[in-house]
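Asks: sequence plus the predicted model coming up.
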Amino acid sequence: MKRLLFVICLLALGANLTFAQQATRSYVGPTQNPKTAKKSAPKTKQTSSTTRSKGEIYVGYSGNVAPITAGGGFTGNEKKIHHGVQTSVTINANRYIGLRGDFSVGYRDQKEAFTVGGPITTVTRRTTIYNVLGGVQLKDNESEATIQPFGHALIGLGVYRQTLRDCRNPIGTFCGTVVRDSGLAGAVGGGFDVKVATRAGVRFTGDYNPMRIQKETINNFRFGVGVVFK
């Protein structure tokens, strides 16, 4: 009887040890399995931090300092400011270079009086200057600075036109177009933008604006201020 009880106790003890070992092997914590740890790790998605704009649009006032010579002969003659507007569209090819199209127009009215054979004639001489240009703009298109400088080099067509208006004389003559010519024109200069919003700013610009009219080179200068949207 004692032997039987002893054998039963040994069997029970062995069964308990076997169950404990199996339970320990069957449990694997989340940190004990490297494959599980790798699968459970969240994946981070890389995003681009670039702030480059695709392009910009500018519109504003333009002052063109150009001669008001009567009937041509521009060399060495007085220059006046022709008031008007300027607009441009730029497509950014990369961070620093943009392809730009530029248009400006300015005009000035000049009162004049002269005599031809006795009667006094008074007229208004209107001079109008157009620029249709294209070229490159150099600028850091990813800059977040408040003041952003730029430069440009443009070439295209210039148009110079003079007309006599509001004629006052006994004969009623002299009115009409006295100069109408077009030729090669360019603009080399730059300026800077003052950032006022994420995609908008105030632009100050100026350039040398030569123009070939009536076989002479007119050395004009443009300046302006306006708003730019990016």
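Replies: Yep, that arrived.

Asks: what is the helix or strand hosting residue 182 packed up against?
Replies: Under the criterion of DSSP states H and E, residue 182 resides in strand 176-197. Where contact means 3 or more CB pairs under 8 Å, 6 or more residues apart in numbering; DSSP states H and E, strand 176-197 is packed against strand 120-139, strand 147-168, strand 200-213, strand 216-229. C-betas here are computed from N, CA, C, even on glycine.

Asks: what residues are up against the nearest residue to residue 219 once chain neighbours are set aside?
Replies: Residue nearest to residue 219 in three dimensions, not counting chain neighbours: residue 210, with 5.7 Å by CB to CB, 6 or more residues apart in numbering. Contacts here follow CB atoms under 8 Å, 6 or more residues apart in numbering; on that basis residue 210 touches 185-186, 217-220.

Asks: distance check, residue 210 against residue 152.
Replies: 14 Å (CB to CB, to the nearest Å).

Asks: okay, now the unreliable bits of this structure?
Replies: 1-51, 70-76, 114-121, 168-174 (pLDDT under 70).

Asks: let's go with 50 and repeat that
Replies: Counting by pLDDT under 50, the chain has low-confidence residues at 4, 7, 17, 19, 23, 27, 37, 44-49.

Asks: if we can go back for a sec, could you point out which of the helices and strands packed on strand 176-197 sits nearest residue 79?
Replies: strand 216-229 (7.9 Å; CB to CB).

Asks: so what strands line up beside the closest one?
Replies: The strands that strand 216-229 pairs with in its sheet are strand 55-67 (antiparallel), strand 200-213 (antiparallel) (by DSSP bridges).
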